[in-house]
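S.K.: Okay, sequence plus prediction incoming.
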4 protein chains.
Amino acid sequence: MTTAAATRPPPTRRDEFSVLRTITTRWMDNDQYGHVNNVVYYSYFDTAVNGYLIEASGCDVRQLPAIGIVAETSCKFIGELTFPDTVYAGLALERLGNSSVIYRIGLFRNQEVEPAAIGRFVHVYVDSATRRPVPIPPQVRAALQTLDEGYAGFGALP
Amino acid sequence: MTTAAATRPPPTRRDEFSVLRTITTRWMDNDQYGHVNNVVYYSYFDTAVNGYLIEASGCDVRQLPAIGIVAETSCKFIGELTFPDTVYAGLALERLGNSSVIYRIGLFRNQEVEPAAIGRFVHVYVDSATRRPVPIPPQVRAALQTLDEGYAGFGALP
Amino acid sequence: MTTAAATRPPPTRRDEFSVLRTITTRWMDNDQYGHVNNVVYYSYFDTAVNGYLIEASGCDVRQLPAIGIVAETSCKFIGELTFPDTVYAGLALERLGNSSVIYRIGLFRNQEVEPAAIGRFVHVYVDSATRRPVPIPPQVRAALQTLDEGYAGFGALP
Amino acid sequence: MTTAAATRPPPTRRDEFSVLRTITTRWMDNDQYGHVNNVVYYSYFDTAVNGYLIEASGCDVRQLPAIGIVAETSCKFIGELTFPDTVYAGLALERLGNSSVIYRIGLFRNQEVEPAAIGRFVHVYVDSATRRPVPIPPQVRAALQTLDEGYAGFGALP
């Protein structure tokens, strides 16, 4: 990781995310204004992060002794999504710590290049029994480092 | 239980249900036609049944060695519901067997007497580990018999 | 339509449905027993039917002067679904009337041949302003007849 | 509004919110870790804000010529919520502008005094047809000023 990398701006456009997850919208995602309700965007975040972790780690992360608990999330709504769009969720690392990880997520409508939303999603790993913070499990960390490499060190902690 | 009881028509109007559970609607329950989406009615069923069982049994039914798995559900949509309505879910027993129970559910909009929907909800009790059918746990059966008494034997199995 | 067609058993296995719609599961579809919650199955039905109609009719059916209102639904839960499964929803016609249509729906887990659930979904077409029953719009009927032909008249009304 | 007011810390504890909205949890709100899924907290925000506006304005805000579009939201998850808890959503104004409003929201579990979550919810008012920003409608502004007075000018814009 280089100093230059640390100053790279965070990914925003579709081609700036190395991982894109595919999510199909649902009829009931639309609210009465005819667009996907703001709440549902967070279910796309949740699904993209956990789906990636399960696939990239090769294990069911829900069964590990340490599980990721969501500590904080946020979203800027930029453009609209509507059923029957397909949503592509771009995943990047904003920070990778000892027991926590911050994802940056971009949601893209069908083949659009500019995001419909940009979000932030913070996972803290806790012991699944005591719920106290513990280091990120090695299987998850390995998956995250793959994600990290795609961005040449973007936002990683020292 | 008497033969007469077995021929009583099933409850339909609000005052024919002895148990009414209160459920608040949510903004996102509405779909783009401006009314509560059909799918959401089933979340009211789910919530009414499980909320009643937890309260009437005095225990967290999710922690018992036998858990209720949903085997079949259905709903007739009669009238509309819309946010910010309050929904009242009437619960009655249609059948109470050894390892399964069938609920009849009426959904009422605010103070209305005629139902917005009538549903059917079938729980089969299974061992929480093996997922094979087992008798209804005694704590749950006791709660159901209270419900049953409210209907003087409506629909109970011989 | 032939008499023979009318006596054909309804489709149940994957290869008995001519139309299969792809739906991605979401992390929050799972309930605390670790499987897709029963309510969510109905969102798959809703999505499969409306997604098919929009695609096969070539128009946004929500903007037509007559819209499909859900009058009744039901589901038998046969096998489990769980995130991150992909769900394939098979669509068939059970009945096609003047102003209503009954779909038979099979949900298939990933590449499985036997259904995880079999459902029924009844749409009644109403005037979007008055909400009174009207004939199925020609664009929708054309899409449904395509579906019908796939089943050689299965279940169609005289 | 006084300068002193502008320096008052934002409300965090239950008794620091003058408006509390009641929301019933649902069985399916729980995810497979046995607690309300992070996504669902945002449906509580959505419901609290819109339910308050409908009630306090005395009109169906969805039918006004200007509607509130969600521009940004965020949430810090502090404590857990679980079905069958009742959630109380405290509402306060963080900022009130010409065409936008920022709410601060606290979610409280049953009778607890410390929040389970603190959120931020930004509405921008747009013309319901053109979707371009317009001033907050007078009926909504009147409702917001009532909310504002409860906080002696907390966070209002100059």
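M.R.: That came in fine, so what should we check first? Just so you know, these numbers come straight off a predicted model, no measurement behind them.

S.K.: Count the neighbours of whichever residue of chain A sits closest to chain D for me.
M.R.: At 3.5 Å from chain D, residue A:74 is the closest residue in chain A, using C-beta to the nearest C-beta. C-betas here are computed from N, CA, C, even on glycine. Counted with other C-beta atoms under 10 Å in any protein chain shown, the neighbours of residue A:74 add up to 18.

S.K.: How about it, nearest residue that isn't a chain neighbour?
M.R.: residue D:74 (3.5 Å; C-beta to C-beta, 6 or more residues apart in numbering or on different chains).

S.K.: Now do whichever strand or helix holds that neighbour: which elements does it pack against?
M.R.: Counting by DSSP states H and E, the element that carries residue D:74 is strand D:66-77. Where contact means 3 or more C-beta pairs under 8 Å, 6 or more residues apart in numbering or on different chains; DSSP states H and E, strand D:66-77 is packed against strand A:66-77, helix D:38-57, strand D:117-127.

S.K.: give the contact list for the residue nearest to residue A:74.
M.R.: Each residue near residue D:74 by C-beta atoms under 8 Å, 6 or more residues apart in numbering or on different chains is listed here: A:72, A:73, A:74, A:75, A:120, D:119, D:120.

S.K.: Now the two most distant members of these.
M.R.: A:120 and D:119 (13.7 Å; C-beta to C-beta).

S.K.: still on that earlier bit, any of the contacts of residue D:74 buried? List them.
M.R.: Among the contacts of residue D:74, those buried by neighbour count (16 or more other C-beta atoms under 10 Å in any protein chain shown) are A:72, A:73, A:74, A:75, A:120, D:119, D:120.

S.K.: from what I can see the fourth one touches residue A:39, true?
M.R.: In this case it means residue A:75. No - under the criterion of C-beta atoms under 8 Å, residue A:75 is not in contact with residue A:39, lying 9.9 Å apart.

S.K.: for the contacts of residue D:74, which one is nearest residue B:83?
M.R.: Closest to residue B:83, out of all of the contacts of residue D:74 and judged by C-beta to C-beta, is residue D:119, at 19.2 Å.

S.K.: beta partners of that closest one?
M.R.: Beta bridges link residue D:119 to residue D:75, residue D:105, judged by DSSP bridges.

S.K.: Assess the claim that it and residue D:102 are in contact.
M.R.: No - with contact defined as C-beta under 8 Å, residue D:119 does not count as touching residue D:102 (10.8 Å).

S.K.: before we move on, the earlier item: between the contacts of residue D:74, which is nearest chain C?
M.R.: Nearest member of the contacts of residue D:74 to chain C, counting by C-beta to the nearest C-beta, is residue A:73, at 12.9 Å.

S.K.: got a list of what that closest one touches?
M.R.: A:42, A:45, A:119, A:120, A:121, A:122, D:38, D:74, D:75 are the contacts of residue A:73 under C-beta under 8 Å, 6+ apart.

S.K.: Point out where chain A drops to low pLDDT.
M.R.: For chain A, applying pLDDT under 70 flags the ranges A:1-7, A:148-158.

S.K.: Flag every residue of it that's near chain D.
M.R.: A:32-33, A:37-40, A:42-43, A:46, A:62, A:67, A:69-77, A:120 (C-beta under 8 Å from any C-beta of the partner chain).

S.K.: ChimeraX command for the buried members of these?
M.R.: Here is the ChimeraX command that selects the buried residues among the residues of chain A next to chain D (16+ other C-beta under 10 Å):
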select /A:32,33,37,38,39,40,42,43,46,62,67,69,70,71,72,73,74,75,77,120
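
S.K.: Pull up the gap between the residue of chain A most remote from its centre and chain B, please.
M.R.: The C-alpha centroid of chain A is most remote from residue A:32, which lies 27.2 Å away (C-alpha atoms, centre = their mean). Separation of residue A:32 from chain B (C-beta to the nearest C-beta, to the nearest Å) stands at 5 Å.

S.K.: do the same with residue A:133
M.R.: For residue A:133, the distance to chain B equals 26 Å [C-beta to the nearest C-beta].

S.K.: Surely that residue and residue A:71 touch.
M.R.: No - using C-beta under 8 Å, residue A:133 is not in contact with residue A:71; the gap is 9.8 Å.

S.K.: which neighbours do the two share?
M.R.: Contacts common to residue A:133 and residue A:71, judged by C-beta under 8 Å, 6+ apart, are A:100, A:124.

S.K.: quick one: contacts of stretch A:43-55?
M.R.: Under C-beta under 8 Å, 6+ apart, the answer for stretch A:43-55 is A:19, A:21, A:23, A:60-61, A:68, A:70, A:73, A:75, A:87, A:89, A:91, A:103, A:105, A:107, A:119, A:121, A:123, A:140, A:143, A:147, C:24-28, C:83-84, D:37-39.
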